[in-house]
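S.K.: Give me a model of this one.
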Amino acid sequence: MSYRELRNFTEMMQTLGYPRIISMENFREPNFTLVAEILIWLIQRYDPTAEIVTDVDTEQDRVLFIKSAAQFMSTKAHIKLNTKKLYGADGYAVKELLKISSLLYSAMRSNDDKESKDSNVASSFHSSLTNKMTDLKACRQLASEITTKGASLYQLLGQEVDLREARHTAISRPVDIDSIEKGIERSIEAVNDETARMKQRMDNAASDEKTLEIKIEKKGQELERNQKRLKTLENVRPAFMDEYERLEGDLKQVYEMYMEKFRNLSYLEQQLEDQRKVEQDMAEERESSLLEMKMQLQQENRRTLNDTMGVTSQDSMVDMESKSRFIGNMTGEGIASDDGSASLSTGSREDEDPLQDMQEEEEDEEEEEEEDDEERREFAEGDSDEDF
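M.R.: The predicted structure follows:
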């Protein structure tokens, strides 16, 4: 126990607020009562809810007290204490007590530093939180590893009974040096064979590496030659390039002419289609007007026919009354029939002549329109053939 450690311990205890004054001379000789009191106070300061045995009257109580204190600090604070040195209660026990006091003193100082540095609270909290998260992950991993190791250990311990018998049997069996020597020789031969195979693989790998390097070098040279050739071909102008450019210019002109003719043709076709629609509408109107005229003519013919039939019937009645019954009857019927047929035939001829003329005119107009359409189509086809 050095003087510096003893001085640091007394100063730390004063800083932590230990009620008694500790002198450096108190540990020149064993003083178990003081060591037990300091140890109880430190444990209470670390965890006020801690419950440990405080009886130190007998030797058994002292041993139990030291063991319980050491176990508590090991489980709670992860501090390993030497029970023999603590039980000695001399200067070497101060080293063990210094571990606990140093932990409490560093915690108090870190707390003071946090209070004095409020500006760094956020960063320190974040770092501590990160550290705690890291510790939490590590603890979870360790817990899973402990569970796995415990299960495997339990299985191995379950096999201990059989293994113990096999172990005792193997130990009690006399050692056959010849068989052991042969086994070692076989192992050496196997290792030598494996070494030879590994050397062979290494040699093959070295030869393959050289072969690949040669191939890579050849491919690199070939690549350089191809690049030079490509540059040469890019710089050289082909012999047919002039003709190609000339034909390309001619093709552009021909394409422009083609597009112009195509647009004209499309326009003319559209105009022709519009003209056909107009002519069709006009033809339908003419047809409807002709039908109306025909209906009107038929109605007029019916009216005239009815009028003529009424007049002839009245005349026949007058003639029958004035003339004799037999002769007048025959002549009246003949006249009536002749007049009626004549009037009917003349009326029908008069009615049919205008209709036939109008139908013939429509047929002539349709034939002329068809001829005009054929001439326009032939004209358009001739222009397109000349353009191509």
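
S.K.: okay, CA-based contacts and neighbour counts for the rest of this
M.R.: OK.

S.K.: Which strand or helix spans the residue nearest the centre of the chain?
M.R.: What sits nearest the mean C-alpha location of the chain, by Cα atoms, centre = their mean, is Lys137, with 31.4 Å. With elements taken from DSSP states H and E, the one containing Lys137 is helix 121-158.

S.K.: just checking, what packs against that helix?
M.R.: If you count contacts as 3 or more Cα pairs under 8 Å, 6 or more residues apart in numbering; DSSP states H and E, helix 121-158 packs onto no helix or strand.

S.K.: and Ile79, which of the three is it?
M.R.: Per DSSP: H, G, I helix; E, B strand; the rest coil, the secondary structure class of Ile79 is coil.

S.K.: Now do the same contact list for it.
M.R.: 73, 99-100 (Cα atoms under 8 Å, 6 or more residues apart in numbering).

S.K.: hmm, try it at 6 Å
M.R.: With contact set as Cα atoms under 6 Å, 6 or more residues apart in numbering, Ile79 has these partners: Met73.

S.K.: okay, it: pLDDT?
M.R.: pLDDT recorded at Ile79 is 83.

S.K.: separation between it and Leu103?
M.R.: Noted for Ile79: a distance of 9 Å to Leu103, by Cα to Cα, to the nearest Å.

S.K.: and Arg164, what are its phi and psi?
M.R.: phi -60, psi -40 (degrees, to the nearest 10).

S.K.: Does the lengthiest helix in the chain pack against any helices or strands, and if so which?
M.R.: The residue-count maximum for a helix in the chain (DSSP state H) belongs to helix 241-322. Using 3 or more Cα pairs under 6 Å, 6 or more residues apart in numbering; DSSP states H and E, the elements in contact with helix 241-322 are helix 325-387.

S.K.: ok so, going back, show me which positions of the helix holding Lys137 end up buried.
M.R.: The neighbour-count check on helix 121-158 (16 or more other Cα atoms under 10 Å) flags nothing as buried.

S.K.: can you offset everything so residue one is 177?
M.R.: Renumbered: residue one is now 177, and that last one reads helix 297-334.

S.K.: What's the mean pLDDT across it?
M.R.: Rounded mean pLDDT across helix 297-334 is 78.

S.K.: Glu187 sits in which helix or strand?
M.R.: Short version, using DSSP H and E: Glu187 is in helix 179-192.

S.K.: now what about that helix, what contacts it?
M.R.: Residues contacting helix 179-192 (Cα under 6 Å, 6+ apart): 198, 274.

S.K.: would you put the C-alpha positions of stretch 447-462 in PDB?
M.R.: Provided in PDB are the C-alpha atoms of stretch 447-462 (Å, rounded to 0.1, in the frame of the first residue of the first chain):
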ATOM      1  CA  GLN A 447     -61.500  18.700-103.000                       C
ATOM      2  CA  LEU A 448     -62.800  15.900-105.200                       C
ATOM      3  CA  GLU A 449     -64.400  14.300-102.200                       C
ATOM      4  CA  ASP A 450     -66.100  17.500-101.200                       C
ATOM      5  CA  GLN A 451     -67.300  18.100-104.800                       C
ATOM      6  CA  ARG A 452     -68.800  14.600-104.800                       C
ATOM      7  CA  LYS A 453     -70.500  15.300-101.600                       C
ATOM      8  CA  VAL A 454     -71.900  18.500-102.900                       C
ATOM      9  CA  GLU A 455     -73.100  16.900-106.200                       C
ATOM     10  CA  GLN A 456     -74.600  14.000-104.200                       C
ATOM     11  CA  ASP A 457     -76.500  16.400-102.000                       C
ATOM     12  CA  MET A 458     -77.600  18.300-105.100                       C
ATOM     13  CA  ALA A 459     -78.700  15.000-106.800                       C
ATOM     14  CA  GLU A 460     -80.600  14.000-103.700                       C
ATOM     15  CA  GLU A 461     -82.300  17.500-103.700                       C
ATOM     16  CA  ARG A 462     -83.200  17.100-107.400                       C
END
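
S.K.: could you say what helices and strands the helix or strand harbouring Ser282 packs with?
M.R.: In this assignment (DSSP H and E), Ser282 forms part of helix 267-292. Applying 3+ Cα pairs under 6 Å, 6+ apart, we find helix 267-292 packed against helix 259-264.

S.K.: and the helix it packs on, which residues are buried?
M.R.: 259, 261-263.

S.K.: Name the nearest of the residues you listed relative to Ala245.
M.R.: Thr259 (9.0 Å; Cα to Cα).

S.K.: Any idea how many residues pack against the nearest residue to the closest one once chain neighbours are set aside?
M.R.: With Cα to Cα, 6 or more residues apart in numbering as the criterion, Thr259 has its nearest non-adjacent residue at 6.2 Å, and that residue is Ile242. Residues lying near Ile242 (other Cα atoms under 10 Å) number 23.

S.K.: Thr225 versus Ile242, what's the distance?
M.R.: 18 Å.

S.K.: Also Lys386?
M.R.: 75 Å.
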